[in-house]
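# What follows is a protein structure lacking sequence information:
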Ligand SMILES: C[S@@+](CC[C@H](N)C(=O)[O-])C[C@H]1O[C@@H](n2cnc3c(N)ncnc32)[C@H](O)[C@@H]1O
């Protein structure tokens, strides 16, 4: 495993990364893989692995993953997580990163992940939550995400608001996993293994602020697709207010729940 940065201030995130470094992943399935970021993190952080399959419902979203992972033992497939096209108990590990809140039928997706996981296999989840103790910059990040989720949903793109911590735990609680370990952290595992960790963790970091504002502006542009003039003008106003808040308080990712259990 690549070592976490020396100036790391989040012992929980480091503990989660250490736990990952004790796991042999075997055949790993990554649900809602997007641009494949979590596959790359697991490649760096697991003790070892045989291969990865990443699935996502959007062909457009997975194109970058196909390109950047083409030299690796990684297969990227367009597939709906609600009905996985694999035999039962096919994988040694299954995971889902920052995507539970995108699932329209979350319980079906989790049950499918469990079905394709071998007995004794690892179930790995990482997801942001919106409640509890969060800094002002994190609260700005959460409000921006809620706004984004509303705009996406109105455009027909499945995207829920950031979940509460107990909502995540309750959804996973239905699976009957054993040996559940939970790590609460303010730092994503992805960041732990990135050498730009320290500059990004500053909420007033220029690049982070510009990226967050660009994200809002992209979705302000998408508001033209909405037919309801009142909803459009409310969201327009809220989006402009969010840009001001981001400049004032900076923005940080919400707290993060990292869970590892076995089937
Ligand atoms: C936040 S992004 C993925 C983030 C990625 N896992 C990471 O850690 O960087 C959420 C993804 O969920 C995908 N998605 C939404 N509903 C899905 C479904 N039913 N089946 C598979 N993928 C889905 C979207 O296409 C999108 O790429």
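Looks like it arrived, so ask away. This is a predicted model, so every value here is computed, not measured.

# Show me the strands in the stretch 151-263 of the chain, by range?
Along the stretch 151-263 of the chain, the stretches classed as strands by DSSP state E, counting those that start in this stretch are 178-185, 256-262.

# From what I see, residue 132 and residue 257 are in contact.
No: the pair residue 132 and residue 257 fails to qualify as a contact (Cβ atoms under 8 Å) at a distance of 9.9 Å. Every C-beta, even on glycine, is put in place using the N, C-alpha and C of the backbone.

# Can you pick out the residue with more neighbours from those two?
residue 257 (21 against 12; other Cβ atoms under 10 Å).

# between residue 132 and residue 257, what contacts are shared?
Listed as contacting both residue 132 and residue 257 by Cβ atoms under 8 Å, 6 or more residues apart in numbering are residue 165.

# Name the single longest strand found in this protein.
Scanning the chain for the strand with the most residues, using DSSP state E, yields strand 117-128.

# Which neighbouring elements make contact with that strand?
Other elements packing on strand 117-128 under the criterion 3 or more Cβ pairs under 8 Å, 6 or more residues apart in numbering; DSSP states H and E are strand 91-97, helix 165-173, strand 256-262.

# let's go with 6 Å and repeat that
In terms of contacts (3 or more Cβ pairs under 6 Å, 6 or more residues apart in numbering; DSSP states H and E), strand 117-128 is packed against strand 91-97, strand 256-262.

# Quick check: neighbours of it in the sheet, parallel or antiparallel?
strand 91-97 (parallel), strand 256-262 (antiparallel) (DSSP bridges).

# Packed most tightly, which of the strands of the stretch 151-263 of the chain would that be?
With neighbours defined as mean count of other Cβ atoms under 10 Å, the strands of the stretch 151-263 of the chain peak in mean count at strand 256-262, which reaches a mean of 21.

# just so I know, which of the helices and strands packed on strand 117-128 lies nearest residue 145?
strand 256-262 (12.8 Å; Cβ to Cβ).

# What number of residues are in the vicinity of residue 203?
20.

# Quick check on it: phi, psi?
phi -60, psi -20 (degrees, to the nearest 10).

# what about it, distance to residue 55?
As judged by Cβ to Cβ, to the nearest Å, residue 203 and residue 55 stand 33 Å apart.

# Kindly report the same for residue 257.
From residue 257 to residue 55 the distance is 22 Å (Cβ to Cβ).

# Can you tell me which residue of the stretch 101-250 of the chain sits closest to the ligand?
The ligand sits closest to residue 102 of the stretch 101-250 of the chain, with a gap of 4.0 Å, by Cβ to the nearest ligand atom.

# Please list all residues in contact with that residue.
By Cβ atoms under 6 Å, 6 or more residues apart in numbering, the contact set of residue 102 is 158-159.

# now residue 64
residue 35.

# So for it, what's the pLDDT?
At residue 64, the predicted lDDT confidence score is 96.
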